[in-house]
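1. Got a sequence here, can you build the structure:
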Amino acid sequence: MHSLSAPTRREAVLLIFVFVSLLLFSRIGYDTTGIKFWDVDKSGASPHTSALGESWRTRITWSSGHVPNTRVVSHVPGWTIFDNLFVLNGTVFVVTDFPSSIPDRLTITSTAVDIFNGEDAVNSRTPGDREMQIISTSQAQRLFGSSAESIDGVTWLVNDPPQFITHYYHWSAELFFGFWRTYSSLDTSINEMGKSILPALRRIFFVHADADHWRDYALMNQWVLRSAFPSLTTEYSYDWEDRAAMGRPIMLDRVIFTDRAAAMHGHHFLSTGRTAAEPSALPGSAHWWSTIRANVIRVCGLDPNVVGDMAQTPVITYISRQEWGRRMLKQEDHERLVEELHKLRDLYGYEVNVVEMDKLSRAEQFALAARTTIMMGVHGNGLTSLVWMRPSPRATVMEFFFPGGFAQDYEYTTRALGMVHYGFWGDEYFTSPDTPEQAYPPGFQGTNIPIDGAVVARLCHERLLLQ
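-> Here you go, the predicted model:
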């Protein structure tokens, strides 16, 4: 038998060191305070707080006369960023002793009824004290008492009816588009790969929509939202009513407050017909949309650093509507267009895709759009995918209209992303600033829209020669 000897001094010191190290590492935990919502190098995060030791901030309290003031961080009609915004019994309260510093309520909020034309319809959208009140700190003290429930982080409050939300274009290229243009105005340093210092969006309040009335029939809205902000939570009209029924004031740290009807009072809306045009007046990076684009296409397995780069083979994507039953090309013109595009493929090696978007999976749609250099098709929902293209000197959208017809939906969106849009009437084409007035003549929705495939192909080649 071997006898056990006592540990040497050196062995004892090593054992103590290992024990202390294990104890320290078990207590440190994992720091999440420096994590943003894009891919970042987390090596610089400082391990000062433990996730297990995070304090709950469920209530804000104040002493008499010191109610936190609401601050307007940024504002254009329909798109307002607030700090310290209060809500009680379903009514929004702006607390300030300087009411003249608050924008006109008509440009912030509305009654959120469905939007129709006519004087009576416009008047029905005018907000009153039920929707929003601007009150002093002394009034707030009497109304709220000395505390409010805390809603921390960044909240997006959507004060729209479901009327336009349940549509891929109106969601991704208008409501979500305008939201991010507004919020991203707080970080003018966003780079081409989408890196940003902005804290991630925590939640959305759909004040007037239930859980079934923000999704679109093509299931694209939810993909965009969940891929852009994976940790985000959503609350709906019933949740808003639940909070109101508690009879307790809540204070939201930071809110992006959006209202379609309010945006319609803005100058940029009146000139473009697009509510998302209003935030274009705010400061912003030329790459402001890159954060969202990168997150969405990364979920499809693509590398946003590479896909769509000008060093890659140019990709031409024609989105066909030939089986939709409305807004279709003449069949012979469709066939000639495909023939001319295939000639480009054979002569110059361009990749050419002729697709019907509803025949592709959602991931396939996003991935194809992200790789596309030139996208084309008849005016329709499929062109919404242009928002996933990578802006470059060659990036182009070509939209086919019935002669005399024009809609600004995709033209404005293309320009807002720094790309070039061409509208076509048969063998004629036009681009900004020489675009026609919006018009929907007989035949706009029809099945005999003409297009000259040779003219389209020639313009494609000219665009792809740009460096």
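
2. What helix or strand is Arg215 located in?
-> Remark: Arg215 resides in no helix or strand, with elements defined by DSSP states H and E.

3. lowest-pLDDT helix or strand in this protein?
-> helix 9-28 (a mean of 52; mean pLDDT, DSSP states H and E).

4. which element follows that one toward the C-terminus?
-> strand 59-61.

5. is it true that Trp180 touches Ile292?
-> Yes. Counting by C-beta atoms under 8 Å, Trp180 touches Ile292, with 5.5 Å between them. C-betas here are computed from N, CA, C, even on glycine.

6. Show me where the stretch 301-450 of the chain has its strands.
-> 315-319, 351-355, 374-378, 396-400, 420-425, 428-430 (DSSP state E, counting those that start in this stretch).

7. Point out where the chain drops to low pLDDT.
-> The model of the chain has pLDDT under 70 over residues 1-56.

8. Against Val378, how distant is the most centrally placed residue in it?
-> Using C-alpha atoms, centre = their mean, the residue of the chain that lies closest to the mean C-alpha position is Phe176, 3.2 Å off. Separation of Phe176 from Val378 (C-beta to C-beta, to the nearest Å): 24 Å.

9. now swap in Pro99 and tell me
-> 50 Å.

10. How about His167?
-> Counting by C-beta to C-beta, the gap from His167 to Val378 is 17 Å.

11. Mind checking which of those two has more residues around it?
-> Ranked by neighbour count (other C-beta atoms under 10 Å), His167 and Val378 place Val378 first, with 25 against 19.

12. For that one, name its beta-bridge partners.
-> Applying DSSP bridges to Val378 yields these beta-bridge partners: Phe400.

13. tell me the contacts of it?
-> Going by C-beta atoms under 8 Å, 6 or more residues apart in numbering, Val378 touches 321, 327-329, 399-401, 449.

14. Sheet partners, orientation included, of the longest strand that the chain contains?
-> Across the chain, the longest stretch assigned as strand under DSSP state E is strand 147-158. Here strand 147-158 is paired, per DSSP bridges, with strand 59-61 (antiparallel), strand 201-206 (parallel), strand 250-258 (parallel).

15. Sort out which residues of the helix or strand just after the longest one are buried, please.
-> Using DSSP H and E, the helix or strand that follows strand 250-258 towards the C-terminus is helix 260-263. Buried residues in helix 260-263, counted by 16 or more other C-beta atoms under 10 Å: 260-263.

16. among the contacts of Val378, who's most crowded?
-> In terms of neighbour count, Phe400 stands highest of the contacts of Val378 at 28 neighbours, by other C-beta under 10 Å.

17. Test my guess that that one contacts Gly382.
-> No. Counting by C-beta under 8 Å, Phe400 does not reach Gly382; the two are 11.8 Å apart.

18. tell me which of the contacts of Val378 is nearest to Thr109?
-> Glu399 (33.8 Å; C-beta to C-beta).

19. Could you double-check that the closest one sits in contact with Gly423?
-> Yes. At 5.3 Å, Glu399 counts as touching Gly423 under the criterion of C-beta under 8 Å.

20. any common contacting residues for those two?
-> What both Glu399 and Gly423 touch, as defined by C-beta under 8 Å, 6+ apart, is the set Glu411.

21. just to revisit the earlier point, between the strands paired with strand 147-158, which gets nearest to Leu88?
-> That would be strand 250-258 among these, by C-beta to C-beta, at 7.5 Å.

22. And the closest one, how far out from the chain middle?
-> Relative to its chain's centre, strand 250-258 lies at 17 Å (C-alpha atoms, centre = their mean, to the nearest Å).

23. got the end-to-end distance for stretch 114-123?
-> End-to-end distance of stretch 114-123 (C-alpha to C-alpha, to the nearest Å): 12 Å.

24. Contacts made by it with the rest, please.
-> 125, 161, 163-164, 260-261, 264.

25. from what I can see Phe176 touches Leu225, true?
-> Yes. Between Phe176 and Leu225 there is a contact at 7.2 Å, judged by C-beta under 8 Å.

26. Identify the residues contacting the helix or strand just after the longest strand of the chain?
-> The first helix or strand that comes after strand 147-158 along the chain, using DSSP H and E, is helix 168-170. Under the criterion C-beta under 8 Å, 6+ apart, residues 164, 216, 218, 220-221, 381, 384, 409 lie in contact with helix 168-170.

27. ditto for stretch 154-162
-> Under C-beta under 8 Å, 6+ apart, the answer for stretch 154-162 is 109-110, 112-115, 165, 175, 179, 183, 199-210, 213-214, 252-262.

28. filter these to the buried ones?
-> Here, 16+ other C-beta under 10 Å leaves 109-110, 112, 115, 165, 175, 179, 183, 200-209, 214, 252-262 buried among the contacts of stretch 154-162.

29. Show me the helices in the stretch 201-350 of the chain, by range?
-> With DSSP state H, counting those that start in this stretch as the criterion, the stretch 201-350 of the chain has helices at 220-228, 237-245, 260-263, 267-272, 290-299, 331-348.

30. returning to that earlier point: CA-only coordinates of the longest strand of the chain, as CSV, when you get a sec.
-> Coordinates of each C-alpha in strand 147-158 appear next as CSV, following Å, rounded to 0.1, in the frame of the first residue of the first chain:
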residue,chain,number,x,y,z
SER,A,147,-45.8,57.7,-9.3
ALA,A,148,-46.3,55.9,-12.6
GLU,A,149,-45.7,52.4,-13.9
SER,A,150,-42.6,52.2,-16.0
ILE,A,151,-42.3,51.0,-19.5
ASP,A,152,-38.6,51.0,-20.2
GLY,A,153,-36.6,51.0,-23.4
VAL,A,154,-37.8,51.9,-26.8
THR,A,155,-41.5,51.5,-27.8
TRP,A,156,-43.1,52.0,-31.2
LEU,A,157,-46.7,53.1,-30.7
VAL,A,158,-48.7,52.6,-33.9
